[in-house]
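Enquirer: Model the following, please.
(2 chains)
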2 protein chains.
Amino acid sequence: MGREVKVELTNMCMICDGTKVLVQNRTKPGWPGITFPGGHVEAGESITDSVIREVFEETGLTIEHPHLCGIKTWGEPDRMAEIAFLYKAEAFSGELKSSEEGEVFWAERDSLPDMQLASGMEETFRVFFGENLSELYYSRKDVNAPVGEWRYEDWEYKLQ
Amino acid sequence: MGREVKVELTNMCMICDGTKVLVQNRTKPGWPGITFPGGHVEAGESITDSVIREVFEETGLTIEHPHLCGIKTWGEPDRMAEIAFLYKAEAFSGELKSSEEGEVFWAERDSLPDMQLASGMEETFRVFFGENLSELYYSRKDVNAPVGEWRYEDWEYKLQ
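Expert: Purely as a prediction, here's the structure:
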């Protein structure tokens, strides 16, 4: 050990029930719109435990055996700035309950493209739905531009 | 963005050719024995690009479409200390060539348990080989013990 970088660690989970998926309509001003539930990894917990906790906090559901289906990453020239761990879950228990993060509800997976998606969700779905993609990697369009407020528009992506 | 932690990012890849896998006999004093090729994620590269680069440097092979099959993580009480991204690759080109990291050679997958494995590889194989495991999470056996030299024996693990 010894080559550490400063990185933000988050998770996001697609919960499936047949042809439906559980979506969250985030009210957060900085990133509003339809997403899947998720949040930050806390100190001392595994990535898997973090996604189970976040899903419970935001949906009231306890997911079982979530499995990692890919990652969404943001690379700065000098470091990896954020890694979001993307999980799928097909088994769960509990009663659906929204949180202050946003209303949660079941939606047909095929209807997702017609919804008011949060920025970046369209390309994120390609990792969740695709069998042969593992990573959605964002990098700055202009690495020499001054770093101001964080905006999706300043980043370009590749799917791998 | 804003909740950053100091973490070390690494990768490891199981390259498969039928029933054989490519192993590396690491000579590094701190962690000797049989592993799969891999190394550190460098600044400015995606995780996928990092594993393609490391495999090339250590084996001479260029892998195509590596896919993420899980993660190996080390959690300290106050942060995630290391995340290793575990990849599988079935397509590759180039000529096999060992590096100073250690000799690389093809081995029957079934023969791996009989080899002189590097510490932790036995449980790591369970993520590489298992269909329903996504994470191998290590935490300190005794969080109050003074942190000395890094040793596998001081950590316990769970598979999720």
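Enquirer: Show me what counts as buried in the longest strand along chain A.
Expert: What stands out as the longest strand in chain A, according to DSSP state E, is strand A:4-17. By 16 or more other C-beta atoms under 10 Å in any protein chain shown, the buried positions in strand A:4-17 come out as A:Val5, A:Val7, A:Glu8, A:Leu9, A:Thr10, A:Asn11, A:Met12, A:Cys13, A:Met14, A:Ile15, A:Cys16. Every C-beta, even on glycine, is put in place using the N, C-alpha and C of the backbone.
Enquirer: Reformat these as a markdown table; add pLDDT and distance to chain B.
Expert: A markdown table is the format used below for these (pLDDT from 0 to 100; distance: C-beta to the nearest C-beta, whole Å):
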| residue | pLDDT | distance to chain B |
| --- | --- | --- |
| A:Val5 | 92 | 6 |
| A:Val7 | 96 | 5 |
| A:Glu8 | 97 | 5 |
| A:Leu9 | 98 | 6 |
| A:Thr10 | 98 | 9 |
| A:Asn11 | 98 | 11 |
| A:Met12 | 98 | 14 |
| A:Cys13 | 98 | 12 |
| A:Met14 | 98 | 14 |
| A:Ile15 | 98 | 15 |
| A:Cys16 | 98 | 16 |
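Enquirer: got TSV for these, with distance to A:Pro32 too?
Expert: Shown next, in TSV, are the buried residues of strand A:4-17 (distance: C-beta to C-beta, whole Å):
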residue	distance to A:Pro32
A:Val5	30
A:Val7	25
A:Glu8	20
A:Leu9	23
A:Thr10	17
A:Asn11	20
A:Met12	16
A:Cys13	19
A:Met14	19
A:Ile15	21
A:Cys16	24
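Enquirer: and which of those residues is nearest to B:Gly75?
Expert: B:Gly75 lies nearest to A:Leu9 out of the buried residues of strand A:4-17, by C-beta to C-beta, at 10.7 Å.
Enquirer: Paired strands for the longest strand of chain A, with orientation please.
Expert: strand A:20-26 (antiparallel), strand A:38-40 (antiparallel), strand A:79-89 (parallel), strand B:4-17 (antiparallel) (DSSP bridges).
Enquirer: In a markdown table, list those along with distance to A:Gly102.
Expert: Shown next, in a markdown table, are the strands paired with strand A:4-17 (distance: least, C-beta to C-beta, whole Å):
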| stretch | distance to A:Gly102 |
| --- | --- |
| strand A:20-26 | 4 |
| strand A:38-40 | 11 |
| strand A:79-89 | 17 |
| strand B:4-17 | 24 |
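Enquirer: wait, which of those strands is closest to A:Gly60?
Expert: strand A:20-26 (10.6 Å).
Enquirer: what does the closest one rub up against?
Expert: By C-beta atoms under 8 Å, 6 or more residues apart in numbering or on different chains, the list of residues contacting strand A:20-26 from outside reads A:14-15, A:32-37, A:58-59, A:61, A:96, A:98, A:101-109, A:112, A:115-116, A:118.
Enquirer: Reduced to three states, what does the nearest residue to A:Leu112 once chain neighbours are set aside come out as?
Expert: Among residues not flanking A:Leu112 along the chain, A:Phe125 sits closest, at 6.5 Å (C-beta to C-beta, 6 or more residues apart in numbering or on different chains). Classification of A:Phe125 by DSSP: H, G, I helix; E, B strand; the rest coil places it in helix.
Enquirer: from the buried residues of strand A:4-17, which single one is nearest B:Asp49?
Expert: B:Asp49 lies nearest to A:Val5 out of the buried residues of strand A:4-17, by C-beta to C-beta, at 15.5 Å.
Enquirer: Quick check: phi and psi at the residue nearest to A:Pro113 when sequence neighbours are not counted.
Expert: Excluding its sequence neighbours, the residue lying closest to A:Pro113 (C-beta to C-beta, 6+ apart) is A:Glu122, at 7.3 Å. Backbone torsions of A:Glu122, given as degrees, to the nearest 10, read phi -60, psi -50.
Enquirer: From what I see, A:Glu122 and A:Asp114 are in contact.
Expert: No: look at A:Glu122 against A:Asp114 with C-beta atoms under 8 Å: they stay out of range, at 11.5 Å.
Enquirer: Can you list the residue ranges for helices in chain A?
Expert: Remark: helices assigned in chain A by DSSP state H are A:47-59, A:121-129.
Enquirer: Show me what the last one is packed up against.
Expert: In terms of contacts (3 or more C-beta pairs under 8 Å, 6 or more residues apart in numbering or on different chains; DSSP states H and E), helix A:121-129 is packed against strand A:33-35, strand A:67-76, strand A:79-89, strand A:135-140, strand A:155-159.
Enquirer: measure A:Thr62 to A:Leu68 for me?
Expert: Distance, A:Thr62 to A:Leu68, by C-beta to C-beta, to the nearest Å: 18 Å.
Enquirer: quick one: which of those two has more around it?
Expert: A:Leu68 (25 against 14; other C-beta atoms under 10 Å in any protein chain shown).
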